[in-house]
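Student: Generate coordinates for the sequence data below:
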Amino acid sequence: MTSTNFFVDITNSIVYNRSMARPAANRPTDGELEILDVLWRRGPCTVRQVYEQLSTEKSVGYTTILKLMQIMADKRLVVRDERQRTHIYRARAPREQTQQQIVGHLLQRVFGGSARALVLQALSARKTTPAELAEIRQLLDQFDQTKSTPDSHPHTGDKS
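Tutor: You can find the predicted model right below:
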């Protein structure tokens, strides 16, 4: 059974439903990302399985993981299968989609929409190996080719 939280803004006489919250509210926290990482690597898991995996990496309590996963289900970051006694959780979105959402938010909020500034800071944040740079150059060439061919990529148009 899911409860719905409401609150009233009496200054504007508007009723807000928690489900009307901005999509940004569904961005995962650091702790939620750790849980999502387990789910992306291992696939659907029980709370116990996630707890066992994370407890090998750091000190964490079972009830903390349980509560976080319940919150994540409310935020629609995970899907909970309740057909069996032991609930099974899976990530709602693939890793790449979540990464794209986080990077998009970071790009707008911190870098004013400048992909150039984001990439420069990412490259200067730590030493980049020659192999990584070669791979980045190859990816940029591939991206440039798909952007210059109309209808070959869903994000055609302006290159800015």
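
Student: in this structure, which residue is closest to the centre?
Tutor: Centroid check for the chain by C-alpha atoms, centre = their mean gives Thr98 as the closest residue, at 3.0 Å.

Student: helix or strand for that residue, which one?
Tutor: Using DSSP states H and E, Thr98 sits in helix 95-111.

Student: what's the domain layout of the chain?
Tutor: Annotated domains of the chain cover 6-91, 101-148 [automatic domain parsing].

Student: Among these, show the one with the smallest mean pLDDT.
Tutor: Looking at these, the lowest mean pLDDT belongs to domain 6-91 (a mean of 84).

Student: ok now that domain, how far from the chain's centre?
Tutor: 12 Å (C-alpha atoms, centre = their mean, to the nearest Å).

Student: for the longest helix along the chain, which positions count as buried?
Tutor: Among the segments of the chain that qualify as a helix by DSSP state H, the longest is helix 130-148. Buried residues in helix 130-148, counted by 16 or more other C-beta atoms under 10 Å: none are found. Just so you know, the C-beta spots here come from the backbone N, C-alpha and C atoms, and that holds for glycine as well.

Student: And that helix, what does it pack against?
Tutor: Using 3 or more C-beta pairs under 8 Å, 6 or more residues apart in numbering; DSSP states H and E as the contact test, no helix or strand touches helix 130-148.

Student: Helices of this structure, start to end?
Tutor: 30-42, 47-55, 62-74, 95-111, 115-125, 130-148.

Student: what's the angle from the third one to helix 30-42?
Tutor: When you say that, I think you mean helix 62-74. 80 degrees (axes from the mean of the first three to the mean of the last three C-alpha atoms, to 10 degrees).

Student: and what of the fifth one?
Tutor: Calculated by the same axes, to 10 degrees, helix 115-125 forms an angle of 80 degrees with helix 30-42.
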